[in-house]
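Colleague: Whatever this is, show me its structure:
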Amino acid sequence: MMKRRLILHPPSHPMFLVLLLFIAIAPLIWLYFIPKAIALAFLPLGLGVHVGYTIAVLMVLLSMALSPVNVVLMEVPRQVAVPDFEYVSIFGIPYPTLRVRYVMSSTAVAVNLGGAVIPLAISILVVSLLAVHQSGAQGLGVLVGVAALVTVVSHLSSRIVPGVGIVVPALIPPLVSALSAITLSAALGVMSLAPSIAYAGAVIGTLLGADVLNLVKHFDKLQSPMVSIGGAGTFDGIYLSGIIALFLALILT
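Modeller: The predicted model follows:
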């Protein structure tokens, strides 16, 4: 008689198992740990725990809900090379020849609400709170320095992938933002503001360095019908850079 057994059949590839585990714990990460970390970072700026947590939850929910939404800012005309085969008859025998036709098209430049607008709005809130903080002058000075450094680093480390967009190593901008925010904040005596500054510096620096500067300099190389700033939504470099930088700053301070 066959005994009853519990049979576990894992996915065929380990990455599928990792993906399933991530999907299982994602709600806990997005709706508990991230809002709690953001609320903790906003506390030295004068926001109460409940207000900061409410803003953080709204930020996470709106970023996820609005990540599919792209608002077109402008359309830029461009020429597109289209390969075309033509046949030439030589002594009655058709020979295929490759010709290139140029047709007019356009590239839509858009901004993603969940991946760019929401993080930028939170960063503007950080700037506004720093402006009225008792140590606001030092805090704003640190933020300008962090954002400038992240802009340079993210621009130098980013790459243009034709047909895909602009890619940047995920950990470089937030790591630079967190370390520079901690170092400069400690030097100017505003260490408690480092996590919120790291967040805003990473968002603004990645937005300027990886997206805006590359769009201005290398627009023709993108070869895409639509270029979206923050186009990967909640998994875009702008959004994730801010979150990772904030967590790193909280852990290291």
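
Colleague: I'd guessed Pro195 sits against Ala249; true?
Modeller: Yes: Pro195 is within contact range of Ala249, at 4.1 Å (criterion: CB atoms under 8 Å). Every residue, glycine included, has its C-beta placed from N, CA and C.

Colleague: Contacts for the one helix or strand Ser63 maps to, please.
Modeller: Secondary structure assignment for Ser63, by DSSP states H and E: helix 49-66. Residues from elsewhere that reach helix 49-66 (CB atoms under 8 Å, 6 or more residues apart in numbering): 30-31, 34-40, 42-43, 47, 112-115, 117-119, 122, 125, 233-234, 239.

Colleague: buried sites along stretch 133-144?
Modeller: Within stretch 133-144, the residues scored as buried using 16 or more other CB atoms under 10 Å are 133, 135-136, 138-140, 142-143.

Colleague: just to revisit the earlier point, buried residues in the helix holding Ser63?
Modeller: Within helix 49-66, the residues scored as buried using 16+ other CB under 10 Å are 52-53, 55-57, 59-60, 63-64, 66.

Colleague: Can I get the next helix or strand after it as PDB, trimmed to CA atoms?
Modeller: Where DSSP H and E defines the elements, the next helix or strand beyond helix 49-66 is strand 70-90. Output of strand 70-90 as PDB, limited to C-alpha atoms (Å, rounded to 0.1, in the frame of the first residue of the first chain):
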ATOM      1  CA  ASN A  70       2.900  58.100 -19.200                       C
ATOM      2  CA  VAL A  71       2.100  61.800 -20.000                       C
ATOM      3  CA  VAL A  72       3.500  62.900 -23.400                       C
ATOM      4  CA  LEU A  73       5.400  66.200 -23.100                       C
ATOM      5  CA  MET A  74       6.300  66.600 -26.700                       C
ATOM      6  CA  GLU A  75       6.800  64.800 -30.000                       C
ATOM      7  CA  VAL A  76      10.100  65.100 -31.900                       C
ATOM      8  CA  PRO A  77      10.100  64.400 -35.600                       C
ATOM      9  CA  ARG A  78      12.900  62.100 -36.900                       C
ATOM     10  CA  GLN A  79      13.900  60.100 -39.900                       C
ATOM     11  CA  VAL A  80      13.700  56.300 -39.800                       C
ATOM     12  CA  ALA A  81      15.700  54.100 -42.100                       C
ATOM     13  CA  VAL A  82      13.600  51.300 -43.500                       C
ATOM     14  CA  PRO A  83      15.300  48.400 -45.300                       C
ATOM     15  CA  ASP A  84      13.600  47.400 -48.500                       C
ATOM     16  CA  PHE A  85      14.300  44.700 -51.100                       C
ATOM     17  CA  GLU A  86      13.900  45.400 -54.800                       C
ATOM     18  CA  TYR A  87      14.500  43.100 -57.700                       C
ATOM     19  CA  VAL A  88      16.600  44.000 -60.700                       C
ATOM     20  CA  SER A  89      16.200  42.000 -63.900                       C
ATOM     21  CA  ILE A  90      19.500  41.100 -65.500                       C
END
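
Colleague: Perfect, I'm done here.
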